[in-house]
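Visitor: Here is a sequence together with a model predicted from it:
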Amino acid sequence: MKKETGMAVAKVTEIISSSSKSFDDAIESGIKRAGKTVRNITGAWVQDQKVVVEKGKIREYRVNLKLTFVLED
C-alpha cells in the first residue's frame, strides 16, 4: 500500500526593510524580523531596491522583499 504524500500550500507576503549599512543588511534584517512572526519561510526575492539620499550621501538602503512560506496543516 502506497502512502499518499500531502501537497504543501505556500503563501507569498511582501515586506519592506531598511538599513543604514547596505542592501544585504536590509535583506538579512528583514528576513530575521519576519521570522519572528512568520513560520516556515522557504524563500525570498528582492522586488525593488531604493536608497534615501541626504546632502549627497546615502542615508538608508531600502528593499521590498517578497517572502514565501509554507502554510501549516
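Guide: Thanks, I have it.
Visitor: okay, CA-based contacts and neighbour counts for the rest of this
Guide: Will do.
Visitor: Quick check: buried residues in stretch 31-40?
Guide: 31, 38 (16 or more other CA atoms under 10 Å).
Visitor: What lies in contact with it?
Guide: Identification of contacts with stretch 31-40 by CA atoms under 8 Å, 6 or more residues apart in numbering yields 41, 69, 70, 71.
Visitor: Report pLDDT for the third one.
Guide: Read that as residue 70. Residue 70 carries a pLDDT value of 94.
Visitor: how close does it sit to residue 35?
Guide: Residue 70 is 13 Å from residue 35, where distance means CA to CA, to the nearest Å.
Visitor: The first one too?
Guide: Between residue 41 and residue 35 the distance, using CA to CA, works out to 7 Å.
Visitor: Rebuild the contacts of stretch 31-40 as CSV, extending it with secondary structure and neighbour count.
Guide: Compiled in CSV, the contacts of stretch 31-40 are given as follows (DSSP: H, G, I helix; E, B strand; the rest coil; neighbours: other CA atoms under 10 Å):
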residue, secondary structure, neighbour count
41, strand, 17
69, strand, 19
70, strand, 16
71, coil, 13
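Visitor: What is the nearest of these to residue 28?
Guide: residue 41 (12.9 Å; CA to CA).
Visitor: what residues are up against that closest one?
Guide: Contacts of residue 41 by CA under 8 Å, 6+ apart are 35, 67, 68, 69, 70.
Visitor: again with residue 25
Guide: residue 19.
Visitor: Just confirm it is within a helix.
Guide: Yes - according to DSSP: H, G, I helix; E, B strand; the rest coil, residue 25 belongs to a helix.
Visitor: Tell me how far it lies from residue 60.
Guide: From residue 25 to residue 60 the distance is 11 Å (CA to CA).
Visitor: Give the residues shared as contacts by these two.
Guide: With CA under 8 Å, 6+ apart as the test, residue 25 and residue 60 both reach residue 19.
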